[in-house]
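S.K.: Could you look at this predicted model? Sequence included:
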Amino acid sequence: MTAFRTDLPPEATYPERHPDAPEPGAELPPHYVSCFGCGPGQPHGLHLRIVAGEGLDLSATFEVTADHQGAPGLAHGGLLASAMDEILGQLGHITRMSCVTARLETDFRRPVPVGSTLCLAARVDGVAGRKLYASGEGHLGAPDGPVAVRARALFVQVGLEHFTTHGRPDELDAIRRDPSMITHIGDYTLNP
Ligand SMILES: CCCCC/C=C\C/C=C\C/C=C\C/C=C\CCCC(=O)SCCNC(=O)CCNC(=O)[C@H](O)C(C)(C)COP(=O)(O)OP(=O)(O)OC[C@H]1O[C@@H](n2cnc3c(N)ncnc32)[C@H](O)[C@@H]1OP(=O)(O)O
């Protein structure tokens, strides 16, 4: 049988919920105000509002609008993958690991009509060193509705230098002027 690169390795462990993780039921702050997935200051974004679960899990709703079309009246698959990337990536808030997506696998199981609400769920499956394994689904209409999209991902923990080395100076300078544009996870310090 084929082993997928997001299969949990044998050395993976299941981490504790971090004591500084958002309270169960709390809405997560956007990690960056201009993020396409969660940023309130991003006019073209998905504006996902993500809520912490009891354990190493998150939920969110994605209102699918005419702006999200691929085929007429149907959501674009790439945007559905983006929504899954966002909620899976935000699991770093629960483990306090600042991560970037290394691999994202997506199964599209049903078409998602414009006007539908997609109820997203995501959970940590395990951690191995810097690697965080996660999976999730998007349910049509309700949290127990039919599964329209399923995703598994591997995230890799990175330090602040990942962003300061690769990010565009204009945006980095704007954050230095107004650090409230980002939410710190883990060991980020902007002005060491
Ligand atoms: C002042 C500014 C501050 C800004 C901060 C603001 C916000 C913070 C932002 C994000 C974090 C917060 C929340 C996230 C929320 C939303 C989700 C959206 C997330 C994204 O949308 S993020 C964009 C897309 N994302 C990328 O832009 C990544 C590009 N990429 C790289 O930057 C490198 O590629 C990296 C870092 C991934 C690894 O590079 P590296 O050099 O550090 O480490 P290396 O290559 O050794 O990999 C280590 C181990 O992972 C294994 N591994 C790696 N890749 C694999 C693959 N594809 N499949 C299977 N295994 C893989 C290796 O095999 C090895 O495994 P082993 O340790 O067992 O050998």
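M.R.: Nice, thanks for sending it over.
S.K.: so what pLDDT did the residue in the chain positioned nearest to the ligand get?
M.R.: Nearest residue of the chain to the ligand (Cβ to the nearest ligand atom) works out as Gly89 at 2.2 Å. All C-beta spots, glycine's among them, are computed from the backbone N, C-alpha and C. pLDDT recorded at Gly89 is 97.
S.K.: next one: Ile185
M.R.: Each residue has a pLDDT score; the one for Ile185 is 72.
S.K.: and it, how many neighbours?
M.R.: 21 (other Cβ atoms under 10 Å).
S.K.: Can you point out the buried residues in the top helix by length along the chain?
M.R.: The longest helix of the chain (DSSP state H) is helix 77-89. Within helix 77-89, the residues that qualify as buried are Leu79, Leu80, Ala81, Ser82, Ala83, Met84, Asp85, Glu86, Ile87, Leu88, Gly89, counting by 16 or more other Cβ atoms under 10 Å.
S.K.: What would the helix or strand bottoming out on mean pLDDT in the chain look like as PDB? C-alpha coordinates only.
M.R.: Counting by mean pLDDT, DSSP states H and E, the chain has its least confident helix or strand at helix 92-95, which shows a mean of 91. In PDB, the C-alpha atoms belonging to helix 92-95 read as follows (Å, rounded to 0.1, in the frame of the first residue of the first chain):
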ATOM      1  CA  GLY A  92      -0.400  25.900  15.900                       C
ATOM      2  CA  HIS A  93      -2.300  28.200  18.300                       C
ATOM      3  CA  ILE A  94      -3.300  25.200  20.400                       C
ATOM      4  CA  THR A  95       0.200  23.600  20.500                       C
END
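S.K.: Listing partners with orientation, what would you give for the helix or strand just after it?
M.R.: Of the helices and strands lying after helix 92-95 in sequence (DSSP states H and E), the nearest is strand 99-108. Sheet pairing of strand 99-108 (DSSP bridges) gives strand 147-157 (antiparallel).
S.K.: so how far is the strand it pairs with off the chain centroid?
M.R.: 9 Å (Cα atoms, centre = their mean, to the nearest Å).
S.K.: How about the least confident helix or strand of the chain and the ligand, any contact?
M.R.: Yes: remark: helix 92-95 sits within contact range of the ligand at Gly92, by Cβ under 6 Å from any ligand atom.
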